[in-house]
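**Student:** Sequence first, predicted coordinates after that:
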Amino acid sequence: MHVAIVDYGAGNVASVRSALAHVGVGAVLTDDPAQLAAAEMLIFPGQGHFGQAMARLRQRGLDAVLHRHVASGRPFVGICLGLQLLFEGSDEAPGVAGLGLLGGHCRRFQPEGPGGARVKVPQIGWNQLHLCRPDSPLQVVGEGASMYFVHSYHAVPSDPRDVIATADHGLDFVAAVQRENLFAAQFHPEKSGAAGLQLWSALVDRVWWGRPC
């Protein structure tokens, strides 16, 4: 599979390339719209600020590239900030429109959860997944798999059917979403040890992308 990693200055690309190489997949890192358009699969990683990331995407014309790729039905994988940018907006950058590929908004974790429990913001470290659907690549790691998270904001989708996994950090938050050929994780599979590598193997396996979601 011809895989391209979207290079828009949002970091975290070296560990993604390394994880893909570990499962036998070479990936090109590029911000060239032509190269991205030719890819069978796009990986959309990211760390940093929602507003700044959207500005970089729009300056380079990459927002339109991402929309066309998802509309084509080809596999698309978002990671961390690359999940949040798929939504319509974020508390981190009021007034800045996200990509809008999924309906919903990203909210900041509150230091005190709904039940009064104190939580650390940002969440940094390992957390367990609770799987919501039986038809996603996350089935290869299974219920309760531990994944590595680094984030202060969490997505609140307008369509709950897009949610394939949650985790708990003072509240049940969205850990991963999938709609047809679009998959995105709030956690970092490339930093999640053996379980993360298992997931990368599944994500580059065509069989998962042929299943209805």
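**Tutor:** That came through fine. Residues are numbered from 1 along each chain as shown.

**Student:** Can you report how many residues neighbour V119?
**Tutor:** For V119, the count of nearby residues is 15 (other Cβ atoms under 10 Å). C-beta coordinates here come from the backbone N, C-alpha and C atoms, glycine included.

**Student:** And it, its phi and psi?
**Tutor:** phi -130, psi 150 (degrees, to the nearest 10).

**Student:** And the strands in this structure, which stretches?
**Tutor:** Along the chain, the segments classed as strands by DSSP state E run 3-6, 27-30, 41-44, 76-79, 89-90, 104-108, 123-128, 130-131, 146-151, 153-157, 163-168, 172-179, 182-185.

**Student:** Poorly predicted segments of this structure, please.
**Tutor:** 113-116, 206-213 (pLDDT under 70).

**Student:** In it, what residue spans correspond to helices?
**Tutor:** Taking DSSP state H, the helices of the chain run over residues 13-22, 33-38, 50-59, 62-72, 81-84, 193-203, 206-209.

**Student:** Deepest-packed of those helices, please.
**Tutor:** Greatest average neighbour count among those goes to helix 81-84 (a mean of 27), per mean count of other Cβ atoms under 10 Å.

**Student:** packing partners for it?
**Tutor:** helix 50-59, strand 153-157, strand 182-185 (3 or more Cβ pairs under 8 Å, 6 or more residues apart in numbering; DSSP states H and E).

**Student:** same thing but at 7 Å, please
**Tutor:** Judged by 3 or more Cβ pairs under 7 Å, 6 or more residues apart in numbering; DSSP states H and E, the packing partners of helix 81-84 are strand 153-157, strand 182-185.

**Student:** among those strands, which is nearest I164?
**Tutor:** Of all the helices and strands packed on helix 81-84, the one in closest proximity to I164, counting by Cβ to Cβ, is strand 182-185 (8.0 Å).

**Student:** Now that closest one - C-alpha only, CSV.
**Tutor:** Only the C-alpha atoms of strand 182-185 are listed here, as CSV (Å, rounded to 0.1, in the frame of the first residue of the first chain):
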residue,chain,number,x,y,z
LEU,A,182,-12.0,7.5,8.0
PHE,A,183,-10.4,6.2,11.3
ALA,A,184,-8.9,8.5,14.0
ALA,A,185,-7.4,7.9,17.4
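
**Student:** which other helices and strands contact it?
**Tutor:** By 3+ Cβ pairs under 7 Å, 6+ apart, strand 182-185 packs against strand 76-79, helix 81-84, strand 172-179.

**Student:** rerun that using 6 Å as the cut-off
**Tutor:** Contact here means 3 or more Cβ pairs under 6 Å, 6 or more residues apart in numbering; DSSP states H and E; on that basis strand 182-185 packs against strand 76-79.

**Student:** Residues touching the strand it packs on, excluding its own?
**Tutor:** With contacts defined as Cβ atoms under 6 Å, 6 or more residues apart in numbering, strand 76-79 is touched by L42, I43, F44, P45, H69, V70, L86, L182, F183, A184, A185, L203.

**Student:** Mind listing what's buried along it?
**Tutor:** F76, V77, G78, I79 (16 or more other Cβ atoms under 10 Å).

**Student:** Just send the contacts of strand 76-79 back as CSV, with distance to G104 too.
**Tutor:** Shown next, in CSV, are the contacts of strand 76-79 (distance: Cβ to Cβ, whole Å):
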residue, distance to G104
L42, 21
I43, 22
F44, 17
P45, 20
H69, 20
V70, 16
L86, 9
L182, 13
F183, 16
A184, 12
A185, 16
L203, 22
